[in-house]
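# what would the 3D arrangement of this be:
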Amino acid sequence: MSSLQNNKQFLKDLELGLKSEDSSMQFLTEIFGELWNTGTDLGDKFNKYDFRSKTLPIKVELKTRRCDFGDYPDLQFELGKIEDGIKFCKDNEGGRCFFIWRCIGKNGSHWGKERFYWWELKDGEWFKGMGGRNDRGRDEWKMLCKIKNEYINPLFSHRPTL
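I've put the predicted structure just below:
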């Protein structure tokens, strides 16, 4: 087991992510149709995307963030997710990849009153930049994919109650 997997903050983040996937499924299904959770339904816990449509060539990645939308000039995620998404769209006619951010406020203070935001993978709307963190026992700064807030949209016109 790596030092990261023994880190309390990492385990807390992992638990938050899994809880968020489970509790978001009903809302994501309303928008994207029936979905598989790639980890629990398909047994692929290392998949770059959390969800896959059961009927269409669509992948959905959910990022739960302890911030409010607009706290930062962009939202970011692992660069490999973009590379995987580009390949998926190229290899699957009509393929689409969506990124959903569930912004739960600082320290998770808005859990249950959070807002969801979305972005569909499009060339010219993302860029590479350094980012990361160092609060989980090691330096996790690396090259990431960043999306400027101007390209990110609210997923719902109302606040969902979870």
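
# tell me the first helix or strand C-terminal of the helix or strand hosting residue 22.
Secondary structure from DSSP states H and E places residue 22 in helix 8-32. Where DSSP H and E defines the elements, the next helix or strand beyond helix 8-32 is strand 35-37.

# who does that next one pair up with?
Next to strand 35-37 in the sheet, as set by DSSP bridges, lie strand 51-53 (antiparallel).

# hang on, the earlier thing: what's the helix holding residue 22 packed up against?
Counting contacts by 3 or more C-beta pairs under 8 Å, 6 or more residues apart in numbering; DSSP states H and E, helix 8-32 packs against strand 35-37, strand 51-53, strand 58-65, strand 96-103. Bear in mind the C-beta positions are built from the backbone N, C-alpha and C, glycine included.

# now do 6 Å
On a contact count with 3 or more C-beta pairs under 6 Å, 6 or more residues apart in numbering; DSSP states H and E, helix 8-32 meets strand 58-65.

# buried set for the lowest-mean-pLDDT helix or strand in the chain?
Least confident helix or strand, the chain: helix 8-32 with a mean of 87, by mean pLDDT, DSSP states H and E. Neighbour-count burial for helix 8-32 flags 10, 13, 16-18, 20-21, 24-25, 27-28, 32 (criterion: 16 or more other C-beta atoms under 10 Å).

# where in this structure is pLDDT low?
In the predicted model, the chain carries pLDDT under 70 at residues 1-3, 157-162.

# follow-up on the earlier one: what's the least confident helix or strand of the chain in contact with?
4, 35, 50, 53, 58, 60, 62, 64, 102, 135-136, 160, 162 (C-beta atoms under 6 Å, 6 or more residues apart in numbering).
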